[in-house]
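Student: pasting a predicted model and its sequence here:
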Amino acid sequence: MGLLVKGVVVGFGATVLMDVWAILLWKAFGQSRPNWAPVGRWFWHLKNGVVFHDDIGKAEPYAHELALGWLSHYAVGILYGVILALIVGDGWFAAPTFLPAWILGIVTVGAGWFLLQPGLGIGVAASKLPNANKVRVLNLVSHTVFALGLFGTALLMR
């Protein structure tokens, strides 16, 4: 199996685990499930060169924004898996360790905090939300779960 394919597989597996985690939080603690529609709307508006919105909810809707949001969520997860594969190489896949996956998982929180969340209009690191610290902690935890998914999927692939 080529390195890029390995990256796709671990990225997909990690994204699935992240979604399972969200379902567990929802079922066990009543935590709201992620709504990928605003993310789809944000991605849709990127084609027009609009990266940052004051409020993505006020941006022109797109009929398939929920589907595009889900597709984007998985595409980004797969991209992160490919980035990990290119950084760590085949040696890591032969003997996976958690640390490289976790470092990537935590680093990728930055894309959400400094690109996606300001792009949606909720500020840097969700700073415009009344529960910003809760959102930040949940971001860090969910990206740690993503890292566990990268690592676990790589273990399964050995």
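Tutor: Arrived safely, thanks for sending. The structure presented is a predicted model; accordingly, all values stated were derived computationally and were not measured. Numbers count the residues shown, from 1 in each chain.

Student: wait, isn't residue 15 in contact with residue 146?
Tutor: Yes. Between residue 15 and residue 146 a contact is recorded at 7.1 Å, counting by CB atoms under 8 Å. Every residue, glycine included, has its C-beta placed from N, CA and C.

Student: who has more neighbours out of these two?
Tutor: residue 146 (29 against 22; other CB atoms under 10 Å).

Student: residue contacts, the more buried one?
Tutor: 14, 15, 17, 18, 77, 80, 105, 108 (CB atoms under 8 Å, 6 or more residues apart in numbering).

Student: returning to that earlier point: what's the overlap in contacts for residue 15 and residue 146?
Tutor: Shared contacts of residue 15 and residue 146, defined by CB under 8 Å, 6+ apart, comprise residue 77.

Student: what packs against the longest helix along the chain?
Tutor: Scanning the chain for the longest helix, with DSSP state H as the assignment, gives helix 65-94. Judged by 3 or more CB pairs under 8 Å, 6 or more residues apart in numbering; DSSP states H and E, helix 65-94 is in contact with helix 3-29, helix 37-46, helix 98-107, helix 132-157.

Student: right, so the ones you listed: which one is the most enclosed?
Tutor: Comparing the helices and strands packed on helix 65-94 by mean neighbour count (mean count of other CB atoms under 10 Å), helix 37-46 comes out on top with a mean of 20.

Student: so that one versus helix 65-94, what angle?
Tutor: Per axes from the mean of the first three to the mean of the last three CA atoms, to 10 degrees, the angle that helix 37-46 makes with helix 65-94 is 90 degrees.

Student: which residues touch helix 37-46?
Tutor: Contacting residues not belonging to helix 37-46 are listed as 53, 56-57, 59-62, 64-73, 116, 119-120 [CB under 8 Å, 6+ apart].

Student: what do you get if the cut-off is 10 Å, keeping everything else the same?
Tutor: The contact list for helix 37-46 (CB atoms under 10 Å, 6 or more residues apart in numbering) reads 36, 50-53, 55-57, 59-73, 75-76, 115-116, 119-122.

Student: then stretch 115-124?
Tutor: By CB under 10 Å, 6+ apart, the list of residues contacting stretch 115-124 reads 38-39, 41-43, 45-46, 50-59, 72, 76, 111-114, 125-129, 132, 135-136, 139.
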